[in-house]
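Asker: sequence unavailable; structure follows:
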């Protein structure tokens, strides 16, 4: 093995990776437009696009995937 990583280096890499992931996901969580997301989901529920189990109907997949707006924008 050319590079001899110690367990401390591996643990540090894992910690840095999880911290970075947590920071990015936290940013997305806080910056999301929850009112828009809620209204979109309510609209889908009222239109019958989403089943009781949360999955879209098979025949309505083209309708639900044609939306070009991002919930994170």
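Answerer: The structure has been received and is ready for your questions. A quick note: this is a predicted structure, and the numbers were derived from the prediction, not measured. Residues are numbered from 1 along each chain as shown.
Asker: what pLDDT, on average, does the helix or strand hosting residue 39 get?
Answerer: Here residue 39, judged by DSSP states H and E, is contained in helix 34-47. The pLDDT scores in helix 34-47 average 90.
Asker: ok, stretch 10-28 next?
Answerer: 97.
Asker: picking that back up, list the buried residues of the helix holding residue 39.
Answerer: residue 44 (16 or more other C-beta atoms under 10 Å). Quick note: C-beta positions are derived from backbone N, CA and C, even for glycine.
Asker: now do the SS call for residue 10.
Answerer: Recorded secondary structure, residue 10: helix (DSSP: H, G, I helix; E, B strand; the rest coil).
Asker: count of neighbours near it?
Answerer: By the measure other C-beta atoms under 10 Å, the count of residues near residue 10 is 10.
Asker: ok, it - contacts?
Answerer: Residues near residue 10 by C-beta atoms under 8 Å, 6 or more residues apart in numbering: none.
Asker: ok, residue 3 to residue 9 distance?
Answerer: In this structure, residue 3 and residue 9 are 9 Å apart, going by C-beta to C-beta, to the nearest Å.
Asker: neighbour count winner among these two?
Answerer: More neighbours surround residue 9 than the other of residue 3 and residue 9, with 11 against 5 (other C-beta under 10 Å).
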